[in-house]
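K.L.:
Next input, structure requested:
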Amino acid sequence: MLAVLFLDVLWQNGRRWLTVGLAVLILGELLPAPARLTVVPPLLDGQNLTPPLVFLPFPESKSVRAYANTATWMAITGSNPAPMVNGYSGYFPQMNGQLRDLLADFPTFDGLETLRSLGVRTILITKESLSLEQEARLAAEVADGRLIPTAPLDNFLVYKLPDAQFNPATQYTGEWALDAAVDGDELALRAYAAVPDIQVYVADPVLSPLNWQVRVMGEDGRRLEYPVSPPGTVLLYHDSNRRLLLTIPLPEVAGTYTLTLQNAETGQILGETTVLVPSN
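P.N.:
Next comes the predicted model:
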């Protein structure tokens, strides 16, 4: 639109040949020669892959080039619809950052245990991403039977992960520690496993819903109860800096409140903390 106004000014000032020449250049820019921006990789046959899947390595930066491999992941799972735990450019599960850190130097004990806890059956890892040390560790895992190599798929090395079993957070039988803070008109609670444990537990609102409630007890004896459910999937393990985020309405009356996290079905107390609600 600005170009049209500019050309109109030139035309009104008698520079008509210049106006026509610029108009031709502008129209020429709008008619680029057809060209493919990149070569489309061939579709890979993922029919023999046993889901759930994980593709390694995870993107190392936020650049477009770093996410080029996600197109390959989606092409494979598009021809053979299968769940993958990676996420992709349009959707990242809440646990994505945790997985990226745990699997950055794959294979490690923590990384393999995490994938087993998620129920991952097949691991695909690009050959060119592996260092000599990683290749040696992969060979050791194969020799010990913890990984089973299968036929490669294009530039992916493919391994089966035996004994993988989804490990929901409901199987954690220890106590939960609670942090609470005022967040606008809500109380934000963060719950995490209080007892050190080598297991990795998965909290998922669909696959492993937690039938929890938070009981709020005021100094005046007022008692409120709220059902809560964590939003999204989180991996819970010892030394994790990621915690289950829960929110409940902020009490209207200022004062100190005792918050108790409990199993709504059994009444079992899972954790307890106090929080000071300031006056408005």
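
K.L.:
use CA for all of it now, contacts and neighbours both
P.N.:
Fine.

K.L.:
Tell me which helix or strand residue 225 sits in.
P.N.:
strand 223-228 (DSSP states H and E).

K.L.:
helices or strands up against that strand?
P.N.:
For strand 223-228, the packing partners by 3 or more Cα pairs under 8 Å, 6 or more residues apart in numbering; DSSP states H and E come out as strand 212-217, strand 244-249.

K.L.:
Kindly recompute the last result at 6 Å.
P.N.:
If you count contacts as 3 or more Cα pairs under 6 Å, 6 or more residues apart in numbering; DSSP states H and E, strand 223-228 packs onto strand 212-217.

K.L.:
Report all helices and strands that the strand it packs on contacts.
P.N.:
Strand 212-217 packs on strand 223-228, strand 255-263, going by 3+ Cα pairs under 6 Å, 6+ apart.

K.L.:
Highest mean neighbour count out of the ones you listed?
P.N.:
Mean neighbour count (mean count of other Cα atoms under 10 Å) peaks for strand 255-263 among the helices and strands packed on strand 212-217, with a mean of 19.

K.L.:
starting at the chain centroid, how far to the lowest-mean-pLDDT helix or strand in the chain?
P.N.:
Ranked by mean pLDDT, DSSP states H and E, the weakest helix or strand in the chain is helix 68-79, scoring a mean of 75. Computed by Cα atoms, centre = their mean, to the nearest Å, the chain-centroid distance of helix 68-79 equals 17 Å.

K.L.:
Let me know the next secondary structure element after that helix.
P.N.:
Taking DSSP H and E, what comes next after helix 68-79 is helix 96-102.

K.L.:
which is the next helix or strand following that next one?
P.N.:
helix 109-117.

K.L.:
Identify each buried residue in that next one, please.
P.N.:
110-117 (16 or more other Cα atoms under 10 Å).

K.L.:
Could you point out the helix or strand that follows it?
P.N.:
strand 122-126.

K.L.:
elements contacting that following strand?
P.N.:
Strand 122-126 packs on strand 53-56, strand 156-160, going by 3+ Cα pairs under 6 Å, 6+ apart.

K.L.:
Partner strands of the longest one, with direction?
P.N.:
The pairing partners recorded for strand 156-160 under DSSP bridges are strand 122-126 (antiparallel), strand 148-153 (antiparallel).

K.L.:
Quick one: mean pLDDT for the strand holding residue 225?
P.N.:
With pLDDT averaged residue by residue, strand 223-228 scores 88.

K.L.:
pLDDT averaged over the next helix or strand after it - what is it?
P.N.:
Downstream of strand 223-228, the first helix or strand assigned by DSSP H and E is strand 234-236. What strand 234-236 shows for mean pLDDT is 86.

K.L.:
Cheers, nothing more for now.
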